[in-house]
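Asks: Fold the following.
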Amino acid sequence: MTRSSGDGGMSPGGRVGARDGGMRPEGPGGGGGLPIDGALEGPSTPTMAQLDQAAVTGKLPLILGATWRPGHWDPTLRAMPILAAFARSGWEKVTLPPPDNAPKALAQDVAAMLDLVYMREDRMDELVAQSGEPARYWAQLFSMTPQSHPATWTLMSAAMAVAHMVCIHWKSVYNRPRPPQVYPALMPPIPVPPHPSYPSGHALHAHLIGLALAEACPAMAPACRTLAERLTVNRHIAGVHFPSDSEASQRLVHGVKGKGPSIWAKLLPVLQSEIWPGEPSPLAAARAEWSGASSGPPPKPEG
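Replies: Numbering: from 1, shown residues only. Here you go, the predicted structure:
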């Protein structure tokens, strides 16, 4: 590599100030190390003040017995061992038949979507916001944050990761075109996702997360079902998923008419198992965060 001139030119990952005017990688300790042209170079000479500070710092005691507690984890990363356990559950035995891409079936799907186009204006904010990950909607429903309910957030993240893996697997198997490819006049008002249509990832996420969170807080089960359905239908309104895409996702999650092999039947035992030695199962930990919640009668408007 050509040596930098002394004008302080920049290279990725380096810093200004090497004695030859070039750049040196800045490691965790700062300074020293290898310059980018490969020539060895030692650290700069420390000042007396730096030596005095080092002497004081070096006399501080070690903290023994420190532990990394569950609440210190980023819940989305803590969910990864749950995903790994699910991957060993035999989930691939939950099969999904191919989509019906015959003209008659596609015409029925598109007609059902056209019947919902009038709802776009009222739901536009939702359609745009739900283009990305759905976590914020579940967080709002449960009034939770990763800090306030770390175990519940871990549960939600695990269900989301499982849904993502399962849906991408089947999308890659069938490579179904998106609705606007079949019927361009649908003109979705949001970006069309850069992956195939079948099954619906949003529907799979919504129904699997809804089941997991309802297990953690049974009082919230009706609200979970309602939100899952709304997230699902909004993708039809937006014109980015056929209704049959969402039906396939619900089949994967729940089984056929709620029976037979399903992704939920594979995931639930994993959530009930000991993932982290000596700690409660993911589901037990999440339930503990909602131990005081119960359901009551619905509100009755006056009039």
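Asks: tell me the average confidence for stretch 140-154?
Replies: Mean pLDDT, computed over stretch 140-154, is 94.
Asks: Quick check: end-to-end length of it?
Replies: Terminal residues of stretch 140-154 lie 16 Å apart, using CA to CA, to the nearest Å.
Asks: For the protein, which helix or strand comes out least confident on mean pLDDT?
Replies: Among the helical and strand segments of the chain, the one scoring lowest on mean pLDDT, DSSP states H and E is helix 48-57, with a mean of 78.
Asks: which outside residues touch that helix?
Replies: Pro46 (CB atoms under 8 Å, 6 or more residues apart in numbering). Yep, even glycine has a C-beta here, placed from its N, CA and C like the rest.
Asks: Tell me where this structure is predicted with low confidence.
Replies: 1-43, 303 (pLDDT under 70).
Asks: now the helices for it?
Replies: 48-57, 75-78, 80-87, 103-114, 120-129, 135-142, 150-174, 179-182, 201-216, 221-238, 243-254, 263-271, 282-288 (DSSP state H).
Asks: Need the ones you listed in TSV (columns: mean neighbour count and distance to Leu96).
Replies: Formatted as TSV, these follow (neighbours: other CB atoms under 10 Å; distance: least, CB to CB, whole Å):
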stretch	mean neighbour count	distance to Leu96
helix 48-57	9	59
helix 75-78	18	26
helix 80-87	17	17
helix 103-114	14	16
helix 120-129	14	26
helix 135-142	17	25
helix 150-174	22	5
helix 179-182	17	19
helix 201-216	26	11
helix 221-238	20	17
helix 243-254	23	6
helix 263-271	20	10
helix 282-288	20	26
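Asks: Let's have these in CSV, adding distance to Pro188.
Replies: What follows is the helices of the chain, written out as CSV (distance: least, CB to CB, whole Å):
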stretch, distance to Pro188
helix 48-57, 58
helix 75-78, 28
helix 80-87, 30
helix 103-114, 10
helix 120-129, 9
helix 135-142, 20
helix 150-174, 18
helix 179-182, 6
helix 201-216, 13
helix 221-238, 5
helix 243-254, 14
helix 263-271, 27
helix 282-288, 35
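Asks: Can you say which of the ones you listed is nearest to Ser295?
Replies: helix 221-238 (7.8 Å; CB to CB).
Asks: Tell me what angle the closest one forms with helix 201-216.
Replies: 170 degrees (axes from the mean of the first three to the mean of the last three CA atoms, to 10 degrees).
Asks: Check which helices and strands helix 221-238 is in contact with.
Replies: Judged by 3 or more CB pairs under 8 Å, 6 or more residues apart in numbering; DSSP states H and E, helix 221-238 is in contact with helix 103-114, helix 120-129, helix 135-142, helix 201-216, helix 243-254.
Asks: Could you rerun that using 6 Å?
Replies: helix 120-129, helix 201-216 (3 or more CB pairs under 6 Å, 6 or more residues apart in numbering; DSSP states H and E).
Asks: State the distance from Pro222 to Ala214.
Replies: For Pro222, the distance to Ala214 equals 9 Å [CB to CB, to the nearest Å].
Asks: that older thread, out of the helices and strands packed on helix 221-238, nearest to Ile190?
Replies: Nearest of these (CB to CB): helix 120-129, 5.5 Å.
Asks: can I get the CA coordinates of that closest one in PDB?
Replies: What follows is helix 120-129, C-alpha atoms only, in PDB (Å, rounded to 0.1, in the frame of the first residue of the first chain):
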ATOM      1  CA  ARG A 120     -55.800   2.400   2.800                       C
ATOM      2  CA  GLU A 121     -56.400   6.100   3.600                       C
ATOM      3  CA  ASP A 122     -57.600   5.400   7.100                       C
ATOM      4  CA  ARG A 123     -54.800   2.900   7.900                       C
ATOM      5  CA  MET A 124     -51.900   4.600   6.000                       C
ATOM      6  CA  ASP A 125     -49.900   5.400   9.100                       C
ATOM      7  CA  GLU A 126     -50.100   1.800  10.200                       C
ATOM      8  CA  LEU A 127     -49.200   0.400   6.800                       C
ATOM      9  CA  VAL A 128     -46.100   2.600   6.700                       C
ATOM     10  CA  ALA A 129     -45.100   1.900  10.300                       C
END
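Asks: quick one on the thing from earlier: how about the helices and strands packed on helix 221-238, which one is nearest His236?
Replies: Of these, nearest to His236 by CB to CB is helix 201-216, at 9.5 Å.
Asks: got the angle between the closest one and helix 243-254?
Replies: 30 degrees.
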